[in-house]
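Colleague: What follows is a predicted protein model with its sequence.
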Amino acid sequence: MNVHEYQAKGLFRDFGIPVPEGHLCRTVEDVRRAYAALGGGTVVVKAQIHAGGRGKAGGVKIARSADEAAGHATALLGKALVTHQTGPEGRVVTKLLVEEGLAIRKEFYAALAVDRRRGGPVMIASAEGGVEIESVPQEKLLKEPVDVNEGLRAFQARAIAYGLGLSGDSAKQGAEVLRNLARLFVGKDCSLAEINPLVLLEDGRVLALDAKVNFDDNALFRHPDAAALRDPEEEDPAEAKAKEWDLSYVSLDGTIGCMVNGAGLAMATMDIIQHAGGKPANFLDVGGGASKERVTAAFKIILADEAVRAILVNIFGGIVKCDLIAEGILEAVKEVHLKVPLVVRLEGTNVERGRQLLKESGLKVVAATDMTDAAKKVVEAAR
């Protein structure tokens with residue numbers, strides 16, 4: 001789960017990470033009030049959407065008067081902001097963060113992410129802040145593993161701070177920011193906690209000029225305060241609906257809808273569709289409990305995508321037997337009044353009974369014997 005920059009900065013404050021003074025605004029008048037509350041002078045007006053690259057897309061503006069700030073707000077609010085992460089449709093801006101302008105001496109990058117090779121979190125830092133971290137050469141990255149019980153140790157934080165070129169009291173502040181960032185990451189079960197840029201001001205202070213925090217969805221039950229930060233307006237409507245049914249769903253740009261149980265089987269199914277000359281329209285894992293209700297919800301989510309021309313259901317019956325799965329599929333097909341071709345491949349416990357139910361249903365369901373057969377048939381049906 002992603003959160004907005006202003007929400008991430010609220011979490012930063014809770015964990016002792018200094019951030020600029022700012023105000024959340026939803027209207028042009030809010031922006032004028034925020035400008036006055038910040039004491040005038042120079043402010044930064046920042047669009048709040050769940051996407052990076054806002055600055056390059058015109059979503060971060062400098063203002064030196066209330067009128068200029070209001071003008072930026074008028075230009076941004078209610079408009080779609082297109083960045084390299086939003087796709088061509090962009091994201092509509094409904095909220096702005098207005099912050100104090102600061103005199104910046106140097107920008108850095110700092111983040112925590114999960115290193116799957118190490119099997120734990122790793123702190124990543126670079127003296128080249130304000131740019132995409134992927135563009136920074138590996139030899140210029142500073143990395144320290146983070147123990148989930150001990151956090152980022154003091155000597156590790158100091159090593160990174162000095163490695164970034166900080167010195168004196170600024171190095172001490174920087175090390176404290178890094179340790180607190182690690183506390184946030186572990187304490188809130190984050191999948192990413194990023195500061196880009198982390199800045200050294202002309203007066204020697206070190207603070208987080210930007211903030212990005214992503215949470216591990218599987219751990220949100222432990223953090224109701226974090227779950228409350230979810231903004232459904234920023235989510236794909238189909239993905240938001242899938243969450244309500246505990247379905248793993250990701251929209252893609254193909255024409256073949258996929259309904260599979262098990263993430264590995266889902267990935268293999270998408271691969272074999274591609275190999276057969278088709279393009280998957282989604283990733284959808286219904287999990288082990290493929291009940292009629294969940295299958296029906298999955299069909300509705302897939303069919304909400306107008307690009308879908310055919311659907312492949314690829315289920316391995318283990319925990320839930322194939323005959324029960326077949327019954328669920330047939331009931332769901334009747335309820336949603338399916339109008340696109342449907343190919344079903346079943347394997348596992350009671351598979352023959354499941355296939356017989358599909359055959360005798362009288363519904364236009366194309367049975368497949370294996371994954372290769374299923375992929376060929378659904379690609380042909382989509383054409």
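Modeller: Received, thanks.

Colleague: which non-adjacent residue is nearest V60?
Modeller: In space, and not counting its chain neighbours, V60 is closest to K46: 5.0 Å by CB to CB, 6 or more residues apart in numbering. The way it works is simple: take the backbone N, C-alpha and C, and place the C-beta from them, glycine included.

Colleague: Same question for K61.
Modeller: H72 (4.1 Å).

Colleague: Does that neighbour touch A63 like I think?
Modeller: Yes: counting by CB atoms under 8 Å, A63 is a contact partner of H72 at 5.7 Å.

Colleague: that older thread, contacting residues around the residue nearest to V60?
Modeller: 5, 54, 59-61, 96-99 (CB atoms under 8 Å, 6 or more residues apart in numbering).

Colleague: again with H23
Modeller: 30, 33-34, 37-38, 97-99.

Colleague: quick one: K9 and D147, what's the gap?
Modeller: 26 Å (CB to CB, to the nearest Å).

Colleague: Neighbour count: the two, which is higher?
Modeller: K9 (24 against 13; other CB atoms under 10 Å).

Colleague: For the more buried one, what is the enclosing helix or strand?
Modeller: Taking DSSP states H and E as the definition, one finds K9 inside helix 5-14.

Colleague: One more: L184?
Modeller: helix 168-187.

Colleague: Identify the residues contacting that helix?
Modeller: 11-12, 14-18, 108, 110-112, 121, 123, 125, 146, 148, 151-152, 154, 157-158, 160-162, 164, 166, 190, 193, 195, 198, 200, 204-208, 213.

Colleague: Give the pairing partners of the helix or strand following that helix; include direction for each.
Modeller: Using DSSP H and E, the helix or strand that directly follows helix 168-187 along the chain is strand 190-201. Using DSSP bridges, the strands paired with strand 190-201 in its sheet are strand 104-115 (antiparallel), strand 206-208 (antiparallel), strand 212-215 (antiparallel).

Colleague: Quick check: buried residues in strand 190-201?
Modeller: Using 16 or more other CB atoms under 10 Å as the burial criterion, the residues of strand 190-201 that qualify are 190-191, 193-201.

Colleague: For the stretch 251-383 of the chain, just list every one of the helices.
Modeller: Secondary structure of the stretch 251-383 of the chain (DSSP state H, counting those that start in this stretch): helices at 263-275, 292-303, 322-336, 351-360, 371-382.

Colleague: Reformat those as a markdown table; add distance to P237, mean neighbour count and mean pLDDT.
Modeller: Supplementary listing: those in a markdown table, determined by distance: least, CB to CB, whole Å; neighbours: other CB atoms under 10 Å; pLDDT from 0 to 100:
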| stretch | distance to P237 | mean neighbour count | mean pLDDT |
| --- | --- | --- | --- |
| helix 263-275 | 21 | 17 | 93 |
| helix 292-303 | 9 | 21 | 85 |
| helix 322-336 | 17 | 20 | 83 |
| helix 351-360 | 31 | 17 | 87 |
| helix 371-382 | 23 | 21 | 93 |
